[in-house]
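S.K.: Pasting the sequence and the predicted coordinates here, then a few questions.
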Amino acid sequence: PFCYSHAIVEKQADVSSMAGVATQPSEVAERAQRGLLAPVAAVMPSLRWEMVAYAALLAVAAVLRFWDLGSRAYHHDESMHAVYSWYLYTGRGYEHNPMMHGPFQFEANTLIFTLFGASDYTGRMLYAALGTALVGLPFFLRPYLGRLGALCVAGLLAFSPTMLYFSRFARNDILMAVWTLGLVICMWRYMDERRPGYLYGFAALLAFSFSTKEN
């Protein structure tokens, strides 16, 4: 199309000069390029507003998940995950026990403790972060749900009381939700596009799933 547009520009410039029309080649080229890019220009405003909508949902989701994250007392399961992560953080090591699943969340929590210190707040940061990321994943299902449908799903995930609760809960539930939805996205995108990157992503997400919860 690019070469074809240049051929049109040259032809129009020749005709204009032969007819004595005072149209400069640069003006003709500009008009031709505007014609080629018109479909893109028509899509850009809607895409821009769509991106703004996702950014707003992610921002709201992050506030809901990170605000006052450490004030509530730890549930028994949360305390187990936090304390064994703290043991690893303080150099006591870690031994995998299927009763508590893992080892992903213990190692990831240890990294967070190393970066931000160990506290009731930081013990829940991993889950809040991935709970926020979950809200953005429907963007990749737009070919199947439609733009409005995917945006509605993102909104439901952002404000769902259940998803919000488990995004502020130091247990593997929200982690598995992220890995599972990621697997669905990679599966459908690979079946449509046959790009190997989706297979690699599928394998990585499956590995995260097994290392988060064995069943």
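M.R.: Sure, I can see it.

S.K.: could you list every residue that touches Gly131?
M.R.: Ala61, Arg65, Met163, Leu164, Phe166, Ser167, Arg168, Ile174, Val178 (Cβ atoms under 8 Å, 6 or more residues apart in numbering). In short, each C-beta sits where N, CA and C put it, glycine included.

S.K.: 10 Å - rerun?
M.R.: Contacts for Gly131 (Cβ atoms under 10 Å, 6 or more residues apart in numbering) come out as 61-62, 64-66, 124, 157-158, 163-169, 173-175, 177-178.

S.K.: and if you look at Leu156?
M.R.: Contacts of Leu156 by Cβ under 10 Å, 6+ apart are Val135, Pro138, Met163.

S.K.: With adjacent residues omitted, what lies nearest to Ala133?
M.R.: Val178 (6.2 Å; Cβ to Cβ, 6 or more residues apart in numbering).

S.K.: From the contacts of Gly131, keep the buried residues only.
M.R.: 61-62, 64-66, 124, 157-158, 163-164, 166-169, 173-175, 177-178 (16 or more other Cβ atoms under 10 Å).

S.K.: quick one on the thing from earlier: return the subset of the contacts of Leu156 lying in strands.
M.R.: Using DSSP state E, no member of these falls within strands.

S.K.: Now flag whichever of those residues is closest to Met100.
M.R.: Proximity of the contacts of Leu156 to Met100 (Cβ to Cβ) peaks at Met163, which lies at 22.6 Å.

S.K.: For Ser85, which non-adjacent residue is closest in space?
M.R.: Distance criterion Cβ to Cβ, 6+ apart; nearest residue to Ser85, sequence neighbours excluded, is Asn109 at 3.5 Å.

S.K.: Alright, I will stop here.
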